[in-house]
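> Compute the structure for the input listed below.
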Amino acid sequence: MHWPARMRASSSGTRSLVIRCANGGTAARTVSVTLNGVASNVTFPVTGSWNDYQQMTLSTPLNSGTTNSVRIQSAGQDGPNIDEIGTR
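Numbers count the residues shown, from 1 in each chain. Next comes the predicted model:
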């Protein structure tokens, strides 16, 4: 799984990165989330079904006036279904 996304911020600062996902597996799934070149592993809990989408919110710094790059990719196992990435 590899999902690159780009987003702009009106001002620099910490924002909530919201990932809408479903995990119908029997265990939590970990993926690598890279924001502007800085990677961290994020674990997505089981949601009950592959059609039961829930929001996961991560606090993250965004740069203003530039395109912020977000990449989500496998961390050695299958990841959750992701259908939306946004900020608040």
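> Just name the shakiest helix or strand of this protein by mean pLDDT.
strand 2-8 (a mean of 63; mean pLDDT, DSSP states H and E).
> I'd like the next helix or strand past it.
Helices and strands here follow DSSP states H and E; after strand 2-8, the next one along the chain is strand 13-22.
> residues in contact with the residue nearest the centre of the chain?
Taking Cα atoms, centre = their mean as the criterion, I19 is the residue nearest the geometric centre of the chain, at 4.7 Å. With contacts taken as Cβ atoms under 8 Å, 6 or more residues apart in numbering, I19 has the following neighbours: F44, Q55, M56, T57, L58, I72, I82, E84, I85. Glycine gets a C-beta too; all of them are placed from N, C-alpha and C.
> the strands in this protein, which residues?
Listed from the start of the chain, the chain has strands (DSSP state E) covering 2-8, 13-22, 29-35, 38-44, 54-62, 67-74, 81-87.
> Highest mean neighbour count out of those?
Among those, judged by mean count of other Cβ atoms under 10 Å, the one packed with the most neighbours on average is strand 29-35 (a mean of 19).
> Turn the contacts of I19 into TSV, columns for distance to L35.
What follows is the contacts of I19, written out as TSV (distance: Cβ to Cβ, whole Å):
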residue	distance to L35
F44	16
Q55	17
M56	14
T57	14
L58	9
I72	10
I82	15
E84	16
I85	11
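> quick check, nearest of those to V33?
Distances from V33 to the contacts of I19, taken as Cβ to Cβ, are shortest for I72 (5.4 Å).
> isn't the closest one right up against R29?
No: with contact defined as Cβ atoms under 8 Å, I72 does not count as touching R29 (11.4 Å).
> Find the residues that touch each one of the two.
With contacts taken as Cβ under 8 Å, 6+ apart, the residues that reach both I72 and R29 are G79.
> what residue ranges in this protein score low on pLDDT?
Scanning the chain for pLDDT under 70 picks out 1-6.
> how close does the residue of it positioned farthest from its centre sit to T87?
Farthest-out residue of the chain from its mean C-alpha position, per Cα atoms, centre = their mean: G65, at 21.3 Å. Distance check for G65 against T87: by Cβ to Cβ, to the nearest Å, it reads 15 Å.
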